[in-house]
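**Student:** coords below, sequence missing:
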């Protein structure tokens, strides 16, 4: 029997992407829609040929099994906790929440009511990520000393991002909390250790209410440094990963989608070599459905999502308070 899914909002730019993933999956069907913007929600429901609910409570009281959450970031805690209390499994767009406290409240509710949560962190499942992790596990770079990941596009210049993506009230941030989520969780993953503190700088090239140009620097006890870069104002900026260590370096996307390795631990000496990429693993959406079907939990995914929220909150606070933010400050609050 297919899982009946309620779609909670079409606010996010990826909302229709997840709709298509659900339509393509043999075991899921979107059967209802709620949206904080009723006009947008009614149009989506009509397009899908499913009922639109004026009330979120009514949607959650219906015969759906699960929800896909694409509501504004500021609504995540309230919407997701309501869904958990209603016994509905939850797939949500990143970030899980804008603050660590809200994210922890979400996870507590998910555990209390026994529902399955998965957060969309898609680049964790890409072949280049899996290949880089394998190289790091093999020790070919020695001790990691620096990770840099950059992701940027020209959405604020070309006008294809929806205007509500520049609302500080709804989004609680701009380029970093949206696009920068991907380089943030990848940088944390490749560092291999939890950062101790964060320093961030934001730029406002187009004069929007939210940043459209951002850098966040993660420091660690070992001395390794993570550099996270994101922007909405770059026409030709490739997605780029650099991982450097005491015994070698990895480069991806400079600018071709190739993974290059140079290491002193190879017999032939120091030379750049292109590595074949491992195949992508199943998507976050497919993993979520599997967790529901097999009564398993997305422990790794949720752990990374919590750390992502913590690093995003620290970055925003660093800019607002104009200082370095220690991550243990957040843990104490």
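**Tutor:** Thanks, I have the structure now. Please read these numbers as outputs of a predicted model, since none were measured by experiment.

**Student:** where is the longest strand in the protein?
**Tutor:** Ordering each strand of the chain by length in residues (DSSP state E) puts strand 144-152 first.

**Student:** quick one: average pLDDT of that strand?
**Tutor:** In this model, strand 144-152 has a mean pLDDT of 98.

**Student:** sec struct for the closest residue to residue 86 other than its chain neighbours, please.
**Tutor:** Nearest residue to residue 86 in three dimensions, chain neighbours excluded: residue 60, at 3.8 Å (C-beta to C-beta, 6 or more residues apart in numbering). C-beta coordinates here come from the backbone N, C-alpha and C atoms, glycine included. When classified by DSSP: H, G, I helix; E, B strand; the rest coil, residue 60 comes out as helix.

**Student:** might one say that residue 51 is in contact with residue 44?
**Tutor:** No: the criterion here is C-beta atoms under 8 Å, and residue 51 misses it with residue 44 at 11.4 Å.

**Student:** residue 31 is in contact with residue 50, isn't it?
**Tutor:** Yes: the criterion here is C-beta under 8 Å, and residue 31 meets it with residue 50 at 5.4 Å.

**Student:** strands of the stretch 201-333 of the chain, start to end?
**Tutor:** Using DSSP state E, counting those that start in this stretch, the strands of the stretch 201-333 of the chain run over 213-219, 225-231, 240-245, 248-252, 259-263, 273-275, 325-326.

**Student:** now for those strands, which one comes closest to residue 78?
**Tutor:** For these, the distance to residue 78 is smallest for strand 325-326, at 25.5 Å, taking C-beta to C-beta.

**Student:** picking that back up, list residues touching both of residue 51 and residue 44?
**Tutor:** residue 33 (C-beta atoms under 8 Å, 6 or more residues apart in numbering).

**Student:** could you pull out the strands for the stretch 51-200 of the chain?
**Tutor:** Assigned by DSSP E, counting those that start in this stretch, the stretch 51-200 of the chain shows strands spanning 66-69, 89-93, 117-120, 144-152, 197-203.

**Student:** make CSV out of the ones you listed and add distance to residue 297 and mean neighbour count.
**Tutor:** Shown next, in CSV, are the strands of the stretch 51-200 of the chain (distance: least, C-beta to C-beta, whole Å; neighbours: other C-beta atoms under 10 Å):
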stretch, distance to residue 297, mean neighbour count
strand 66-69, 15, 25
strand 89-93, 11, 25
strand 117-120, 8, 25
strand 144-152, 27, 22
strand 197-203, 28, 19
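
**Student:** now render these as JSON lines, adding distance to residue 240.
**Tutor:** Output for these, formatted as JSON lines (distance: least, C-beta to C-beta, whole Å):
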{"stretch": "strand 66-69", "distance to residue 240": "30"}
{"stretch": "strand 89-93", "distance to residue 240": "23"}
{"stretch": "strand 117-120", "distance to residue 240": "22"}
{"stretch": "strand 144-152", "distance to residue 240": "4"}
{"stretch": "strand 197-203", "distance to residue 240": "18"}
